[in-house]
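Enquirer: what follows is a predicted structure for the sequence shown.
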Amino acid sequence: MNNLDGGHFNNTYSRLPDYFYTRLDPTPLENPRLVAYSASAGHLLGLEDTPGTRETLTLIGSGNRAWPGSEPLAMVYSGHQFGAYNPRLGDGRGLLLGELVNTRGEKWDLHLKGAGQTPYSRFGDGRAVLRSCIREYLASEALHHLGIPTTRALCVVTSDTPVYRENREAGSTLLRLAKSHIRFGHFEYFFYSAQGEKQRYEALKTLADYTIEQHFHDLEGMTAMAGSDRGYQLFYSEVVRRTATLIARWQAAGFAHGVMNTDNMSIIGDTFDYGPYGFMDDFNWHYICNHSDHSGRYAFSQQPDIGYWNCGRLGQALVPLFDDVELIQKALDQYPQIYTQTYTRLMLDKLGLVIGEDKEEDAELVRDLLQLLHDSRSDYTLFFRTLSHFSTNQPLEQLEKQLEPLVNHASLAPWLDKYRERLRRNPLDDQNRQKRMKQVNPKFILRNYLAQQAIEQAERGDYREIDNLMNVLVSPYDEHPDFEHYAQKPPEWGKKLEISCSS
Ligand code: AMP
Ligand code: MG
């Protein structure tokens, strides 16, 4: 009957009380076509990449066939959007199809984005357009292969069903995989919306216990403490830790999420709900990737603070579960230190430096470099990749020449001098250091203009550029001599693309 056998469904979320969701099926799209399929994500489910699999996924992705064993539902949640609380969000254009257990016993949420209207659609049409599906598809696979926790993307399907934004566009879907689709906003919903103390406590406890059982039961000490203050503190501390670590990874990679509303924050610390994100080309602390973010709330430099603020909103929503609310504050207080430690370690890795005696000096080296890159708006990815080739016995002038097209700044030479000095005290020899640097400084990132080119071609019905790009995105640290052009700086037009929330 289909090519998707092998796994079975264990739909745990659909067994929660019915006020957690609304059951409904996807609304079919007309004349569906498969735009992209990630064999690497398919592998997670144990799928074979055959024409039959692709055909079946086209039908499932367009809502024209049910995945046997799925029990589609729209989750209810709320959240803080741009700092203001919105009491009722929920899956307005996506459905959790179910939880598929593969033959290795690993469970994956299948979520169909763009599946049609739900009770939470408010004024929206429940649909997603092709460009936003391709953007999420490319970015989530790109981040995963950079080693950054993220949801995954199985496939993109488009159709003849019209969707109206500024223009008429093609109704499309993205089939997303994640270990969990629970957001900070799920907890906020029950904290703010439950009728009365008792119901509020019951709902939050049910949700927290479920989340812990599904995703946090392995934490050391959890078995003994589950259901108590200390158990909830352990859970919340871990969410804080994962969030701080995730954002440190974004910062080190030069990735801006763009819409860090609490409904877009994953409880398991994945990069979640891609919208107007951006990988930075030229380094700029104040980079704002979301054209609709007029105040710069989600500017690149703000992300670590926003992560902290968002964790605070989650902590607030967990208050009813605690007798001693100080425990929440204590867990939250760990955020700045975890963030800074992780970020510093990642940046030192990028410089090929093993943490030494003088931590303050190393932190200064990183700070000075970032200031230099910011002042000269240097290409962040190319700078670190070029630096990865540096040998300590190479004349400094030679390296300066290589970096000149990237960094136009009088302070480059003094910085390089300091860096070389520091390398002399580094326990790694040149060869080892270069190798390690190339494993953490990607040659290829998903530059905005590359995504844009793939989208424009796909909108004309030619999907090949998506697969071409995927060739480098799945191993971004390798050389790929045939795809050298994807590693270049963007053309001027490619730096000025305006991406906003309307998708
Ligand atoms: P997002 O900006 O994608 O994170 O979405 C924020 C909220 O708006 C979520 O509750 C979405 O389900 C909802 N939403 C976004 N776009 C649509 C749409 N086209 N139709 C219905 N709901 C939508
Ligand atoms: Mg969202």
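Expert: Yep, that arrived. Numbering: from 1, shown residues only. Ligands and ions are numbered 1, 2, ... in the order given.
Enquirer: can you classify residue 497 by secondary structure?
Expert: coil (DSSP: H, G, I helix; E, B strand; the rest coil).
Enquirer: the helices in the stretch 101-250 of the chain, which residues?
Expert: 130-146, 184-193, 196-211, 222-225, 229-253 (DSSP state H, counting those that start in this stretch).
Enquirer: dihedrals phi and psi, whichever residue of the stretch 251-400 of the chain sits closest to ligand 1?
Expert: Closest contact between the stretch 251-400 of the chain and ligand 1, by CB to the nearest ligand atom, is at residue 273 (4.7 Å). Any C-beta I mention is one placed from the backbone N, CA and C, and that applies to glycine too. Main-chain dihedrals, residue 273, degrees, to the nearest 10: phi 60, psi 80.
Enquirer: now do it: how many residues are near it, please.
Expert: 22 (other CB atoms under 10 Å).
Enquirer: now the weakest link among the helices of the stretch 101-250 of the chain, please, by mean pLDDT.
Expert: Mean pLDDT is lowest for helix 222-225 out of these, coming in at a mean of 92.
Enquirer: residues making contact with the helix or strand bottoming out on mean pLDDT in the chain?
Expert: Between all helices and strands in the chain, the lowest mean by mean pLDDT, DSSP states H and E belongs to helix 396-403, at a mean of 88. Helix 396-403 has contacts (CB atoms under 8 Å, 6 or more residues apart in numbering) with 383, 386-387, 389-390, 412-413, 416-417, 420.
Enquirer: if I pick the residue in the stretch 351-500 of the chain positioned nearest to ligand 2, what's in contact with it?
Expert: With CB to the ion, the shortest gap between the stretch 351-500 of the chain and ligand 2 falls at residue 500, namely 14.3 Å. Contacts here follow CB under 8 Å, 6+ apart; on that basis residue 500 touches 276, 290-292.
Enquirer: list only buried entries from those.
Expert: 276, 290, 292 (16 or more other CB atoms under 10 Å).
Enquirer: give the contact list for the residue located most distally from the centre of the chain.
Expert: Of all residues in the chain, residue 395 has its C-alpha farthest from the mean position, at 40.0 Å, by CA atoms, centre = their mean. Listed by CB under 8 Å, 6+ apart, the contact set of residue 395 is empty.
Enquirer: hmm, back to that, report the buried residues of the least confident helix or strand of the chain.
Expert: So helix 396-403, judged by 16+ other CB under 10 Å, has buried residues 399, 403.
Enquirer: dump the helices of the stretch 101-250 of the chain into TSV; add distance to ligand 2 and mean neighbour count as well.
Expert: Compiled in TSV, the helices of the stretch 101-250 of the chain are given as follows (distance: least, CB to the ion, whole Å; neighbours: other CB atoms under 10 Å):
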stretch	distance to ligand 2	mean neighbour count
helix 130-146	11	24
helix 184-193	9	24
helix 196-211	18	16
helix 222-225	29	14
helix 229-253	16	22
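Enquirer: can you put those helices in a markdown table and add distance to residue 356?
Expert: Shown next, in a markdown table, are these (distance: least, CB to CB, whole Å):
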| stretch | distance to residue 356 |
| --- | --- |
| helix 130-146 | 26 |
| helix 184-193 | 37 |
| helix 196-211 | 40 |
| helix 222-225 | 36 |
| helix 229-253 | 19 |
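Enquirer: distance to ligand 1 for those - can I get that in JSON lines?
Expert: As requested, these are exported to JSON lines (distance: least, CB to the nearest ligand atom, whole Å):
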{"stretch": "helix 130-146", "distance to ligand 1": "8"}
{"stretch": "helix 184-193", "distance to ligand 1": "9"}
{"stretch": "helix 196-211", "distance to ligand 1": "18"}
{"stretch": "helix 222-225", "distance to ligand 1": "30"}
{"stretch": "helix 229-253", "distance to ligand 1": "17"}
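Enquirer: mind giving me the packing neighbours of the strand ranked longest in the chain?
Expert: When the chain is parsed with DSSP state E, its longest strand is strand 152-164. Helices and strands touching strand 152-164, by 3 or more CB pairs under 8 Å, 6 or more residues apart in numbering; DSSP states H and E, are strand 33-37, helix 39-45, helix 51-61, helix 130-146, strand 168-178.
Enquirer: now these as a markdown table including distance to residue 311?
Expert: Formatted as a markdown table, those follow (distance: least, CB to CB, whole Å):
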| stretch | distance to residue 311 |
| --- | --- |
| strand 33-37 | 34 |
| helix 39-45 | 28 |
| helix 51-61 | 34 |
| helix 130-146 | 20 |
| strand 168-178 | 20 |
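Enquirer: ok, which of these comes nearest residue 440?
Expert: Comparison of the helices and strands packed on strand 152-164 against residue 440 by CB to CB identifies helix 130-146 as nearest, at 9.4 Å.
Enquirer: now that closest one - C-alpha only, PDB.
Expert: The C-alpha coordinates for helix 130-146 follow below in PDB (Å, rounded to 0.1, in the frame of the first residue of the first chain):
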ATOM      1  CA  LEU A 130       6.900  27.700  -1.600                       C
ATOM      2  CA  ARG A 131       9.700  30.200  -0.700                       C
ATOM      3  CA  SER A 132       9.200  29.800   3.000                       C
ATOM      4  CA  CYS A 133       9.100  26.000   2.800                       C
ATOM      5  CA  ILE A 134      12.300  26.000   0.800                       C
ATOM      6  CA  ARG A 135      14.000  28.400   3.200                       C
ATOM      7  CA  GLU A 136      13.100  26.200   6.200                       C
ATOM      8  CA  TYR A 137      14.100  23.000   4.300                       C
ATOM      9  CA  LEU A 138      17.600  24.400   3.300                       C
ATOM     10  CA  ALA A 139      18.300  26.100   6.700                       C
ATOM     11  CA  SER A 140      17.400  23.200   8.900                       C
ATOM     12  CA  GLU A 141      19.400  20.800   6.900                       C
ATOM     13  CA  ALA A 142      22.300  23.300   6.800                       C
ATOM     14  CA  LEU A 143      22.300  23.900  10.600                       C
ATOM     15  CA  HIS A 144      22.100  20.200  11.300                       C
ATOM     16  CA  HIS A 145      25.200  19.600   9.200                       C
ATOM     17  CA  LEU A 146      27.000  22.400  10.900                       C
END
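Enquirer: run the chain-centre distance for it.
Expert: 9 Å (CA atoms, centre = their mean, to the nearest Å).
Enquirer: what angle separates that helix from strand 33-37?
Expert: If you take axes from the mean of the first three to the mean of the last three CA atoms, to 10 degrees, helix 130-146 sits at 20 degrees to strand 33-37.
Enquirer: what packs against helix 130-146?
Expert: strand 33-37, strand 152-164, strand 168-178, helix 448-459, helix 464-473.
Enquirer: helices or strands next to the third one in the packing?
Expert: Helices and strands touching strand 168-178, by 3+ CB pairs under 8 Å, 6+ apart, are helix 39-45, helix 51-61, strand 107-113, strand 128-129, helix 130-146, strand 152-164.
Enquirer: spell out which parts of the protein neighbour ligand 1.
Expert: Within the chain, the residues that sit near ligand 1 (CB under 6 Å from any ligand atom) are 89-93, 120-121, 124-127, 259, 264, 273, 275, 501.
Enquirer: ok, back up a step: quick one: buried residues of the longest strand of the chain?
Expert: Buried residues in strand 152-164, defined by neighbour count with 16+ other CB under 10 Å: 152-159, 161, 163.
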